[in-house]
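A.B. asks: sequence? don't have it. structure:
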DNA sequence: CCGGGGTGTTACCCCGGGTAACATGGTCGG
DNA sequence: CCGACCATGTTACCCGGGGTAACACCCCGG
């Protein structure tokens, strides 16, 4: 059995363990699931990051391709945005553990910077950036806005999607609407609530 | 010297180490900086999470109070939003290491769920939610929208702010504008770019 | 004088990432 | 047929970090 198929088997095992135990599964656990011991994993993947990376790249491709396709859909812009949001939420809904792996940067990653966006999400952010650059007329600030928005939108959907998955406050469709409304400037368009322009805001109980 | 002042000293030491080495500083390092050894830290804070929590609560109060104040400022809504954004960005700009501590959930935190938002940010999200509920007329969906938007906006600013800190693509003021524009529906308002409705999008090189 | 509660220490446990060194088994050139 | 080679696998270990047990000191009040 040459290298590649073996790698696939090991990745499958790792996948199973992470589905079961979450992204913090130990190398030992993964090796055990594969019916072997640690050094083999290390021979194939170098270190834990390598394994995780290989694993995420597998799943990322699916989500990323889906998002990319949604971004290229020939719809009205608002519909396209909703479609992208729905695609992402559907993706994370399908397999939460995998989703965590993709979206939450691995623990032992003190290197360089503490980027808020995991690699998979950074790729999505770039995809959004590109789509905005290609599809929306933003004038001279185009590049800056597209980049900032790409990250911003991704972070927004990450945080909101996380919360939605956790608490399930509403259907997916409704959530898509809520986020699309936010992106659509409903915050700007809505009227003031008259009574509460300056509420008291008395103390800082500092409750955790 | 009773407990409290000592605690403060230890927190100061921890603060220094984290400023210097980032949030992954070890307990040994912190103890060394304080001129003592590990068990004392554990006596005071229970475990690492306790230490980190105490530390974040300190800094959180500042950032949180600033954001809260900005949210209550008697300005036009758009100006208030810009003010909040600027407050946050200024805060994270001032002390990046501390900021990472606040915004990036601690590694070894397998407990419960993999929330995308660290506690400090969750508090900010709640603050935004409350502000939206109190200040904006969103009709029947008010509560859901406010909650989703609170998380979403926080995540957006987290991700975008992270990127801005990392790459410094523009001044803070400009960044504030970019984000406010996004929240203000400029994505909806801008015209289509005519030429590129369906670009080729040839291959998937899967570059990392 | 003595006991208790604070400060501090050394030395250890456990676990997880990562590695060194050795064993096994098939395949290929002589 | 035999040795060389290479990948697969093993056991046993190192290291560093979180966390703890057990012991030592010091000071203060009864």
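C.D. replies: Perfect, I can see it now. All values derive from a computational prediction rather than experimental measurement. Numbering: from 1, shown residues only, chains lettered A, B, ... in the order given.
A.B. asks: near DNA strand C, which residues of chain A show up?
C.D. replies: By the rule CB under 7 Å from any atom of the strand, the part of chain A lying against DNA strand C is A:26-28, A:38-39, A:42, A:46-49, A:108. (C-beta placed from N, C-alpha, C; glycine too.)
A.B. asks: Scan these and report the most crowded one.
C.D. replies: residue A:27 (18 neighbours; other CB atoms under 10 Å in any protein chain shown).
A.B. asks: Could I get the phi/psi values of residue A:25?
C.D. replies: Phi and psi for residue A:25, reported as degrees, to the nearest 10, are phi -50, psi 140.
A.B. asks: any idea how far it lies from DNA strand D?
C.D. replies: Distance of residue A:25 to DNA strand D, given as CB to the nearest atom of the strand, to the nearest Å: 16 Å.
A.B. asks: That residue against residue A:17, yeah?
C.D. replies: Yes: using CB atoms under 8 Å, residue A:25 is in contact with residue A:17, at 4.6 Å.
A.B. asks: Mind listing the shared neighbours of these two?
C.D. replies: Counting by CB atoms under 8 Å, 6 or more residues apart in numbering or on different chains, residue A:25 and residue A:17 have no common neighbour.
A.B. asks: Adding secondary structure, pLDDT and distance to residue A:129, write the residues of chain A next to DNA strand C out as JSON lines.
C.D. replies: Shown next, in JSON lines, are the residues of chain A next to DNA strand C (DSSP: H, G, I helix; E, B strand; the rest coil; pLDDT from 0 to 100; distance: CB to CB, whole Å):
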{"residue": "A:26", "secondary structure": "coil", "pLDDT": "93", "distance to residue A:129": "36"}
{"residue": "A:27", "secondary structure": "helix", "pLDDT": "94", "distance to residue A:129": "35"}
{"residue": "A:28", "secondary structure": "helix", "pLDDT": "94", "distance to residue A:129": "40"}
{"residue": "A:38", "secondary structure": "helix", "pLDDT": "94", "distance to residue A:129": "39"}
{"residue": "A:39", "secondary structure": "helix", "pLDDT": "94", "distance to residue A:129": "41"}
{"residue": "A:42", "secondary structure": "helix", "pLDDT": "94", "distance to residue A:129": "36"}
{"residue": "A:46", "secondary structure": "coil", "pLDDT": "92", "distance to residue A:129": "30"}
{"residue": "A:47", "secondary structure": "coil", "pLDDT": "92", "distance to residue A:129": "30"}
{"residue": "A:48", "secondary structure": "helix", "pLDDT": "92", "distance to residue A:129": "30"}
{"residue": "A:49", "secondary structure": "helix", "pLDDT": "90", "distance to residue A:129": "25"}
{"residue": "A:108", "secondary structure": "coil", "pLDDT": "44", "distance to residue A:129": "29"}
